[in-house]
Structures are given as structure tokens and as C-alpha cells.
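# Predicted structure and sequence below. I'll ask about it afterward.
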Amino acid sequence: MTMDETIKRINELYHKSQKEGLTEEEKAEQKVLRQKYVESVRNNLRGQLENMSIERPDGTIEKVKKVK
């Protein structure tokens, strides 16, 4: 399932939950899909930050470092 399909399904389940409620199976699916989405957002942000550089006032350029 692509991320676009995942987001579409999350939205479908949300709208259904607002109108008529979800079955236990649908609630479980919604939880898994939301976790997958959040993980994807975190990974994308992490990738962007790892490829970022900072230019200091003295003109030096420094790669962003991972904080442990």
C-alpha cells in the first residue's frame, strides 16, 4: 500500500467513525495505519535533517549531527 493509499484509508476510517462508528477490526486497522503514517513522517524528517548543513556566522559550513 502506498502512502497516498494509506492516507486515503485513514481518512475513510475517520469519516466513518464520525458518522456511524467503527468495528473493532476497523479500529485496529486504523491504529496500524496511523502508526505506519507517523513512522513515515518521522523517517522523512530524519532524512531531511541528516542531509542539512548549517552555515555559521564565520562562513564555515557544518553538517547537522545526530543527538543521542
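Yep, it's here.
# OK, contacts around Glu39?
By CB atoms under 8 Å, 6 or more residues apart in numbering, the contact set of Glu39 is empty. C-betas here are computed from N, CA, C, even on glycine.
# residue boundaries of the strands in this structure?
Here the chain has its strands, by DSSP state E, at 53-55, 61-63.
# Include mean pLDDT, distance to Thr6 and mean neighbour count when you put these into a markdown table, please.
Formatted as a markdown table, the strands of the chain follow (pLDDT from 0 to 100; distance: least, CB to CB, whole Å; neighbours: other CB atoms under 10 Å):
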| stretch | mean pLDDT | distance to Thr6 | mean neighbour count |
| --- | --- | --- | --- |
| strand 53-55 | 90 | 32 | 9 |
| strand 61-63 | 89 | 32 | 9 |
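# Would you mind giving the ones you listed as JSON lines with distance to Asn43 added?
Below are the strands of the chain laid out as JSON lines (distance: least, CB to CB, whole Å):
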{"stretch": "strand 53-55", "distance to Asn43": "20"}
{"stretch": "strand 61-63", "distance to Asn43": "19"}
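# Report the separation between Arg34 and Arg46.
Here the criterion is CB to CB, to the nearest Å. By it, Arg34 lies 19 Å from Arg46.
# And the pLDDT at the most centrally placed residue in the chain?
Centroid-nearest residue in the chain: Val41, 2.3 Å away (criterion: CA atoms, centre = their mean). Looking at Val41, its pLDDT is 95.
# Kind regards, and thank you for your time.
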